[in-house]
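Chemist: structure for this input, please:
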Amino acid sequence: MDFQKYVGIILFDGLAGAEEKTMETIGDLTRVLFIGGSAGDDQKFVATHVAANGIASSNAAVLALMKPATKFDFIKTQSFRSLDKHLVPTRINENTREVSEFNGKPAVDAYAEAVGCRPEEVASHFMVNPLGLVVGHDDIYVRSPFRADGESLYLFCHVKAGMDLALLESTNIIVDTKVALERKKMELGRISAVINFHCILRTLELEQKGLTEEYGRIFSGIPTIGFSTYGEEFIGHINQTSTMLVFR
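Modeler: Numbering: from 1, shown residues only. From the prediction side, this is the model:
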């Protein structure tokens, strides 16, 4: 199908860990771009569900294929800049998203060294110093650690052995989102609606900083719906990002 006329939305069970494999399969089978996110459960990490036709399911995904009546486009925005520090996974379990070694060292030790903290303090840095695959000059695809277990780190998105990951540093979500939305407004002329898949970690950061209402005001005047997600879809699976479907 013509990717300029059709667009897909995909919603995942956020605990099944199947996003990467599914997105790769979709990418192999169609030119249509699917955008979306993974369902959450209020940070209990016990059970997540998606629903279609009145039936809620776990270990599942829901896809919607649309032919919008107006032009559409996408926004992928994350609030980080890359630092001149790189961590290369040298021992991983791709299925469980576990990295046991970076740069040939125990993963926790290598990450602690990169952020400048003690190994037992790494968890306090996960939100502000995630890792990212940097494409080109500054196109960042975030992979955030969420748990340290022994010498290993577990990430919200899988990585591959030998992938060059940059250490990231958080910037300003409000400013970055405003800039991304204004840039898209200039490209399209106007925006009539937005569907926003907004990472739960961004939601939590805004709440912690008392910026939730200010973030909401960015979209004032634009009909907007969305989700706080356990990971976002845009070409592949990423997190600590907002992926938006934007209509002219």
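Chemist: and the helices in this structure?
Modeler: Using DSSP state H, the helices of the chain run over residues 19-29, 107-115, 173-188, 200-208, 212-217.
Chemist: ok, which of those comes nearest residue 53?
Modeler: In this view, the helices of the chain are compared for proximity to residue 53 by Cβ to Cβ, and helix 19-29 is the closest at 19.5 Å. Every C-beta, even on glycine, is put in place using the N, C-alpha and C of the backbone.
Chemist: could I get the buried residue list for that closest one?
Modeler: Across helix 19-29, burial judged by 16 or more other Cβ atoms under 10 Å covers 19-20, 22-23, 26.
Chemist: related to what we said a few turns ago, in JSON lines: the helices of the chain, plus distance to residue 44 and mean pLDDT.
Modeler: What follows is these, written out as JSON lines (distance: least, Cβ to Cβ, whole Å; pLDDT from 0 to 100):
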{"stretch": "helix 19-29", "distance to residue 44": "19", "mean pLDDT": "94"}
{"stretch": "helix 107-115", "distance to residue 44": "25", "mean pLDDT": "95"}
{"stretch": "helix 173-188", "distance to residue 44": "25", "mean pLDDT": "95"}
{"stretch": "helix 200-208", "distance to residue 44": "12", "mean pLDDT": "94"}
{"stretch": "helix 212-217", "distance to residue 44": "21", "mean pLDDT": "95"}
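Chemist: residue 144 and residue 125 touch, don't they?
Modeler: No. Residue 144 is beyond contact range of residue 125, at 10.6 Å (criterion: Cβ atoms under 8 Å).
Chemist: out of these two, name the residue with the larger neighbour count.
Modeler: When residue 144 is set against residue 125 and neighbours are counted by other Cβ atoms under 10 Å, the residue ahead is residue 144, at 22 against 17.
Chemist: which residue, neighbours along the chain excluded, lies closest to that one?
Modeler: Distance criterion Cβ to Cβ, 6 or more residues apart in numbering; nearest residue to residue 144, sequence neighbours excluded, is residue 130 at 3.8 Å.
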